[in-house]
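# Starting from these lines, generate the structure:
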Amino acid sequence: MAPTPADQRVHDDGRVELDPADVGSLEGSRFFNEELAPVPVAKRTWTTYNYFALWMGMAHNIPSYALAASLIALGMNWVQALITITIGNLIVLVPMLLNSHAGTKYGIPFPVFARAFYGLRGANLAALLRAFIACGWFGIQTWVGGEAIYVILGRLLGSWWRDAPEVAGQHWTLWLSFVVFWIGQMLIIWRGMDAVRRFENWTAPLVSVGFLIMLAYVLVKAGGLGPILADGGKLGWGPDFWKVFAPSLMAMIAFWSTLSLNMPDFTRFGGSQRKQVRGQILGLPTTMTFIAVVAILTTSGGHVLYGEDIWDPAQLADKFSSPVVVVVALVALVLATISANLAANVVSPSYDFSNAFPKKITFAVGGGITGVIGILIQPWRLYSDPNIYIFAWLGFYGGLLGAVAGVLVAGYWVIARTKLRLKDLYTPDGVYWFSGGWNWRALVATLVGAVLAVGGAYGGPFPADGLIPFLKPLYDYNWVVGFVGAFVVFAALSRSSTKEEASERRPSRIDPAAVDG
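Prediction:
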């Protein structure tokens, strides 16, 4: 076991920090700024409730609802949809907790953590890949939040708002709602991480209200649970279900695969490993199961009432006859969406963009960049159809991020055995410089995992036979294939390199007799 570097202080609970003098010595490094600096142990104060509230805020939002509801739209019954979501959440929780450990132990965000295995420059590949996906999610969340505002104001202001002239295929009032929602989020993120945490804490207990109001309304109108639970779906339990199950399960994993990488952005503030682990175990599976049950029952009830599977809650609420129910429910959903968007889709890319240009991009500027890219990606197209949403968007990026997760988990737990040199993560003079700031082993492992995972992508914008036809069967298992492929390749390459280096350092054996002679 490697000795602890002299510049690192190890506390009794295992958390590590740098000596203040060593932190000061890093300020001249081009790989260091205040946002990326390791959090001092005294400032790591988040409790179990903070993490539970964080997950409640992130999970209880319109896209989470739509994710569960889309399974009903694809033909599953309520039991099949709930099983799929539960299994997916339990699987993705494993790499999430494994990567979270480094954040709490060393007080570092995801892009700095990635430097230990990709290199100080190579980490930008993993960080920016995650960042651009988060920008897409930021755009989607902002679009559906703006859509909810449009529906609310339509009920209050009447037909002149709802039926306003169209611009670029949408009512100009919908575009205005989208822009207003975008600006509100930017104002919060501009005030920094503490503002995000405070917003999470006070909105978390409220975000369930809107969904419960919608469910109650549907249950009353549909005549209770009986008609809803009696719906057997369109797939049955035969081949048609299993054909949809695998890609749908990967989509459930992919939905939170982004957070499985960048949870160190939040756990770096953790009061202890136990607090962050308990908060996440209590938070993710319970909150996602709750929102899944609500979404499944509400969507199934909507089918009973209106004869169609309406997977977008704003559009479903718009069909309700009671304006009070619509307004109250959607106001709560708007708050939920802001809470989720700030935590899940702005914090991470803000750090990621800052990591790419530490001396030029602050946390707030990174958030602004996220907001602009989130518009340019045209989220209204990604969210337009459940097949595109699940099989193209979620499936493709899930495979890519699965490969990155495989490298990080293999590197931290198998190769490094959770031992990092904290100061070296910020200076080109340390062990994480590798070759010119890049670790070729991580790049090769990520490439192999990604090609295996998404090389056979099909459906939506992809060819029916897959981008690489013989890899098409693997695409249905994209995240798992990407994770396992990259994990195995990176572990093998790194262990081989370690053995070679140890052999080179070992002194040669000399024959004593030859010396005497």
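
# if I read this right, Asp13 contacts Gln273, doesn't it?
Yes. In this structure, Asp13 is within contact of Gln273 by CB atoms under 8 Å, at 7.3 Å. For the C-beta atoms, the positions are set from N, CA and C on the backbone; glycine is no exception.

# So which of those two has more stuff around it?
Per other CB atoms under 10 Å, whichever of Asp13 and Gln273 has more neighbours is Gln273, with 18 against 12.

# The nearest residue to the more buried one once chain neighbours are set aside: helix or strand, and which one exactly?
Computed as CB to CB, 6 or more residues apart in numbering, the closest residue to Gln273 that is not its neighbour in sequence is Thr104, at 5.2 Å. Assigned by DSSP states H and E, Thr104 belongs to helix 78-106.

# and the angle from the very next helix or strand once past that helix to helix 78-106?
Next helix or strand after helix 78-106 toward the C-terminus (DSSP H and E): helix 110-118. Put simply, helix 110-118 runs at 80 degrees to helix 78-106, going by axes from the mean of the first three to the mean of the last three CA atoms, to 10 degrees.

# Which other helices and strands does the helix or strand where Ala336 lies contact?
Here Ala336, judged by DSSP H and E, is contained in helix 323-345. Under the contact definition 3 or more CB pairs under 8 Å, 6 or more residues apart in numbering; DSSP states H and E, helix 323-345 sits against helix 48-59, helix 62-73, helix 123-157, helix 172-189, helix 193-203, helix 208-222, helix 239-262, helix 313-317.

# And the residue nearest to Gln273, how far from Phe266?
Distance of Thr104 to Phe266, given as CB to CB, to the nearest Å: 10 Å.

# anything in contact with each of the two?
Gln276 (CB atoms under 8 Å, 6 or more residues apart in numbering).

# returning to what we had before: quick check: angle from the helix holding Ala336 to helix 239-262?
Using the same axes, to 10 degrees: helix 323-345 against helix 239-262 is 60 degrees.

# where's helix 323-345 relative to the chain centroid, distance-wise?
19 Å (CA atoms, centre = their mean, to the nearest Å).

# What ranges in the stretch 401-517 of the chain fall below the confidence cut-off?
497-517 (pLDDT under 70).

# all strands for it, in order.
Ranges of strands within the stretch 401-517 of the chain: none, based on DSSP state E, counting those that start in this stretch.

# Verify the contact between Ala73 and Asp312 for me.
No. The criterion here is CB under 8 Å, and Ala73 misses it with Asp312 at 9.7 Å.

# what about stretch 37-50, start to end distance?
21 Å (CA to CA, to the nearest Å).

# What is the distance between that stretch and the centre of its chain?
Relative to its chain's centre, stretch 37-50 lies at 21 Å (CA atoms, centre = their mean).

# returning to that earlier point: for the helix holding Thr104, enumerate the helices and strands it packs against.
Partner elements for helix 78-106 (3+ CB pairs under 8 Å, 6+ apart): strand 16-18, helix 62-73, helix 110-118, helix 239-262, helix 264-267, helix 273-306, helix 395-409.

# any chance of the ones you listed in CSV, with distance to Ser100 too?
Listed next are these as CSV, based on distance: least, CB to CB, whole Å:
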stretch, distance to Ser100
strand 16-18, 15
helix 62-73, 20
helix 110-118, 10
helix 239-262, 9
helix 264-267, 4
helix 273-306, 6
helix 395-409, 11
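
# Val331 is nearest to which of these?
Judged by CB to CB, the one of the helices and strands packed on helix 78-106 that comes nearest to Val331 is helix 62-73, at 12.7 Å.

# quick one, the closest one and helix 208-222 angle?
For helix 62-73 against helix 208-222, the angle by the same axes, to 10 degrees is 30 degrees.

# Let me know the angle separating helix 62-73 from helix 273-306.
Using the same axes, to 10 degrees: helix 62-73 against helix 273-306 is 50 degrees.

# Quick one: list the elements packing against helix 62-73.
helix 78-106, helix 123-157, helix 239-262, helix 273-306, helix 313-317, helix 323-345.

# got any ranges where the stretch 251-400 of the chain has weak pLDDT?
In the stretch 251-400 of the chain the weaker segments, taking pLDDT under 70 as the threshold, are 343-344, 363, 383-392.

# If we use 90, what do you get?
251-262, 265-266, 271, 282-399 (pLDDT under 90).

# residues contacting the most centrally placed residue in the chain?
Nearest residue to the geometric centre of the chain (CA atoms, centre = their mean): Thr258, 2.6 Å. Residues in contact with Thr258, defined by CB under 8 Å, 6+ apart, are 130, 133-134, 137, 344-345, 348, 401.

# before we move on, what about Thr362?
Neighbouring residues of Thr362 by CB under 8 Å, 6+ apart: 33, 35, 354.

# contacting residues for the second one?
With contacts taken as CB under 8 Å, 6+ apart, Glu35 has the following neighbours: 109, 350-351, 354, 362-363.

# Quick check: it vs Trp190, distance?
14 Å.

# can you check Ile291 too?
For Ile291, the distance to Trp190 - CB to CB - is 29 Å.

# Could you check which of those two has the larger neighbour count?
Legend: neighbour count by other CB under 10 Å for Ile291 and Trp190, higher for Ile291 (25 against 14).

# Farthest pair within the contacts of Glu35?
The span of these, defined through CB to CB, is set by Pro109 and Thr362 at 13.4 Å.

# what helices or strands is the strand or helix carrying Asp352 leaning on?
Here Asp352, judged by DSSP H and E, is contained in helix 347-356. Under the contact definition 3+ CB pairs under 8 Å, 6+ apart, helix 347-356 sits against helix 110-118, helix 123-157, helix 239-262, helix 264-267, helix 363-376.

# and Asp19, which of these is closest to it?
helix 110-118 (17.6 Å).

# Only the buried residues of stretch 264-278, if you could.
264-273, 275-278 (16 or more other CB atoms under 10 Å).

# In the stretch 1-150 of the chain, where is pLDDT below threshold?
For the stretch 1-150 of the chain, the ranges with pLDDT under 90 are 1-37, 39, 45, 49-50, 52-86, 88-92, 110-111, 124, 126-150.

# can we see that at 80?
For the stretch 1-150 of the chain, applying pLDDT under 80 flags the ranges 1-8, 20-25, 27-28, 35, 56-67, 69-70, 72-74, 78.

# Which one of the helices and strands packed on helix 62-73 lies nearest to Gly374?
helix 123-157 (3.5 Å).

# what's the angle between that closest one and helix 395-409?
140 degrees.

# helix or strand right after helix 123-157?
Sequence order places helix 159-162 as the next helix or strand after helix 123-157, per DSSP H and E.

# For that following helix, output the C-alpha coordinates as PDB.
C-alpha atoms of helix 159-162 as PDB (Å, rounded to 0.1, in the frame of the first residue of the first chain):
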ATOM      1  CA  SER A 159     -57.800  31.600 -25.700                       C
ATOM      2  CA  TRP A 160     -55.800  34.700 -26.800                       C
ATOM      3  CA  TRP A 161     -52.800  33.200 -25.000                       C
ATOM      4  CA  ARG A 162     -53.400  29.500 -25.900                       C
END
